[in-house]
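Colleague: this one's structure only:
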């Protein structure tokens, strides 16, 4: 398991262990290793940026599940080039050398503006490398995460009961934003929306993605699959769900899309990760991401998807 300590990766580890599957989890420090042991996984010290460490990590492994990404880095070494480009090339070479039978990889939905973001460009490069390698693979092109996007609208409800929540990582840009807005929906009656709030997205929850990854690790079809939620909703639709859940009328604070684009360009020279997040916000504010409207992906892997309303209601009940 690559990315075992992240929110998605940790959820996949737990599901595989619950299914009785042995799991070898890549970690980078003793604390994470102890956490994996406590769960029942076998930790191994390895890093995508250290090619030599990946050979023993992949040795005698039948399936590699890779969810690690550099969108919200927890270490200064986790640049887009180091992780998304070279890191995954290192992993692919090690997996091929070890005779791994299947690779399950978490990618992202292509964008009309993807060329402006190295994060998305390198995801596509890795997809191409995986396909060209000849190794059996499953690539999940994920949609906008409920756990992240709903929280950034101004509420901590989406992260209740979560372990290793992405939005709670000590990444300065995310931490400072969340500190300002984390209670704005519940306490101030204000919801933050990217753009005019009318773009439609197949919001997907991390629990559902973990089910898809765990199922793919156990078999099923090969290839690339769009992995979104069961509905295509707008950010304004999500505001309405919050209003019904909390029985309040919310004021919507809209951030024009051009501001995200400007910040993306302005931050690029000195804060690539922050620039990337602004670029992703710009894309979410200007492009629809309606994925798999016929539900072929969950059907192929035997997974039932969670609606946005069910997700928020279950997290609200987790108080």
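Modeller: Ah, there it is. This structure is a prediction, so every number in the text was calculated from the model and none was measured.

Colleague: Output the below-cut-off pLDDT ranges for the stretch 201-319 of the chain.
Modeller: Scanning the stretch 201-319 of the chain for pLDDT under 70 picks out the ranges 319.

Colleague: which residues in it form helices?
Modeller: Along the stretch 201-319 of the chain, counting by DSSP state H, counting those that start in this stretch, helices occupy 206-218, 235-246, 257-267, 272-286, 296-301, 308-316.

Colleague: and of those helices, who's closest to residue 7?
Modeller: Among those, the nearest to residue 7 by Cβ to Cβ is helix 206-218 (5.7 Å). Just so you know, the C-beta spots here come from the backbone N, C-alpha and C atoms, and that holds for glycine as well.

Colleague: coming back round to it: can you lay out the helices of the stretch 201-319 of the chain as a markdown table showing distance to residue 72?
Modeller: Output for the helices of the stretch 201-319 of the chain, formatted as a markdown table (distance: least, Cβ to Cβ, whole Å):
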| stretch | distance to residue 72 |
| --- | --- |
| helix 206-218 | 13 |
| helix 235-246 | 20 |
| helix 257-267 | 15 |
| helix 272-286 | 7 |
| helix 296-301 | 25 |
| helix 308-316 | 20 |
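
Colleague: Need these in CSV (columns: mean neighbour count and distance to residue 81).
Modeller: Output for the helices of the stretch 201-319 of the chain, formatted as CSV (neighbours: other Cβ atoms under 10 Å; distance: least, Cβ to Cβ, whole Å):
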stretch, mean neighbour count, distance to residue 81
helix 206-218, 23, 25
helix 235-246, 18, 32
helix 257-267, 17, 17
helix 272-286, 22, 9
helix 296-301, 17, 30
helix 308-316, 19, 34
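
Colleague: Residue 29: which of those is closest?
Modeller: Closest among those, once you apply Cβ to Cβ, is helix 272-286, at 20.4 Å.

Colleague: got a list of contacts for the closest one?
Modeller: Contacts of helix 272-286 with the rest of the structure, by Cβ atoms under 8 Å, 6 or more residues apart in numbering, involve 70-73, 79-80, 111, 113-114, 116-119, 144, 149, 171, 173-174, 194-196, 199, 201, 255, 257, 260-261, 263-268.

Colleague: Buried only: go through those residues for me.
Modeller: Neighbour counting by 16 or more other Cβ atoms under 10 Å classes 70-73, 79-80, 111, 113-114, 116-119, 144, 149, 171, 173-174, 194-196, 199, 201, 255, 257, 260-261, 263-264, 267-268 among the contacts of helix 272-286 as buried.

Colleague: and these, which of them are in helices?
Modeller: Judged by DSSP state H, the subset of these located in helices is 80, 118, 119, 149, 173, 174, 257, 260, 261, 263, 264, 267.

Colleague: Closest one to residue 39 out of the residues you listed, please.
Modeller: Closest approach between these and residue 39, by Cβ to Cβ: residue 174, at 25.6 Å.

Colleague: Just the pLDDT for the closest one.
Modeller: Note on residue 174: pLDDT of 68.

Colleague: How about residue 170?
Modeller: For residue 170, the pLDDT comes out at 67.

Colleague: ok, so what distance separates residue 256 from residue 281?
Modeller: Look at residue 256 and residue 281: by Cβ to Cβ, to the nearest Å, they are 11 Å apart.

Colleague: Does residue 316 touch residue 155 like I think?
Modeller: No: Residue 316 lies out of contact with residue 155 (Cβ atoms under 8 Å); the separation is 9.5 Å.

Colleague: mind listing the strands for the protein?
Modeller: 24-27, 42-45, 63-66, 102-108, 137-142, 190-194, 200-201, 223-227, 233-234, 251-255 (DSSP state E).
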